[in-house]
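J.: prediction below, plus the sequence it came from.
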Amino acid sequence: MASIRQFQVTFDCAEPERVARFWCEVLGYVVPPQEQGETSWSACVDPSGAGPRLYFQRVPEGKTVKNRVHLDVRVGTGLVGEERVAALEAECARLVGLGGVRVRLLPADGVDESCLVMRDVEGNEFCLD
């Protein structure tokens, strides 16, 4: 049985280009060339080729409930305590400037370190971890 070597994460959204631009800025990804005049989808890719492709497809319905799957953007790896919270808050401020929305800080609880819950430009939840 062959192993899966590549995958993409697909987002249903109303404005694929807008959501793709946001995630490119968040992750340092780039928008690859796509078919001329295509407006029903957009994508962004890791220029190093290491990360998964993100695909954004236009759908008619809006978001109505919490995501069952979300991305964790790893900005605090190896940091603990106030140093970790400061890194999370600094990245949060950058992403709010791009149109993201801060939801809440989940403080360290003795088992898990702090993380910060956010929403992208169309309300999809993600965490700064």
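T.: Sure thing, it's come through.
J.: what is the biggest helix by length in the chain packed up against?
T.: Among the segments of the chain that qualify as a helix by DSSP state H, the longest is helix 81-97. Packing contacts for helix 81-97, counted by 3 or more CB pairs under 8 Å, 6 or more residues apart in numbering; DSSP states H and E, involve strand 101-106, strand 115-119, strand 125-128. For glycine as for every other residue, the C-beta is placed from the backbone atoms N, C-alpha and C.
J.: any low-confidence regions in the protein?
T.: 1-2, 34-38 (pLDDT under 70).
J.: same thing but at 90, please
T.: Across the chain, the ranges flagged by pLDDT under 90 are 1-7, 32-40, 62-68, 110.
J.: and the longest helix of the chain, how far from the chain's centre?
T.: 15 Å (CA atoms, centre = their mean, to the nearest Å).
J.: now that helix - C-alpha only, PDB.
T.: The C-alpha trace of helix 81-97 is given here as PDB (Å, rounded to 0.1, in the frame of the first residue of the first chain):
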ATOM      1  CA  GLY A  81       5.300  31.600  30.600                       C
ATOM      2  CA  GLU A  82       5.400  35.300  29.900                       C
ATOM      3  CA  GLU A  83       7.900  35.000  27.100                       C
ATOM      4  CA  ARG A  84       5.500  32.700  25.200                       C
ATOM      5  CA  VAL A  85       2.500  35.000  25.900                       C
ATOM      6  CA  ALA A  86       4.500  38.000  24.600                       C
ATOM      7  CA  ALA A  87       5.300  36.100  21.400                       C
ATOM      8  CA  LEU A  88       1.700  35.100  20.900                       C
ATOM      9  CA  GLU A  89       0.400  38.600  21.600                       C
ATOM     10  CA  ALA A  90       3.000  40.200  19.200                       C
ATOM     11  CA  GLU A  91       1.900  37.800  16.400                       C
ATOM     12  CA  CYS A  92      -1.700  38.400  17.200                       C
ATOM     13  CA  ALA A  93      -1.200  42.200  16.800                       C
ATOM     14  CA  ARG A  94       0.400  41.600  13.400                       C
ATOM     15  CA  LEU A  95      -2.500  39.400  12.300                       C
ATOM     16  CA  VAL A  96      -5.200  41.800  13.600                       C
ATOM     17  CA  GLY A  97      -3.500  44.400  11.300                       C
END
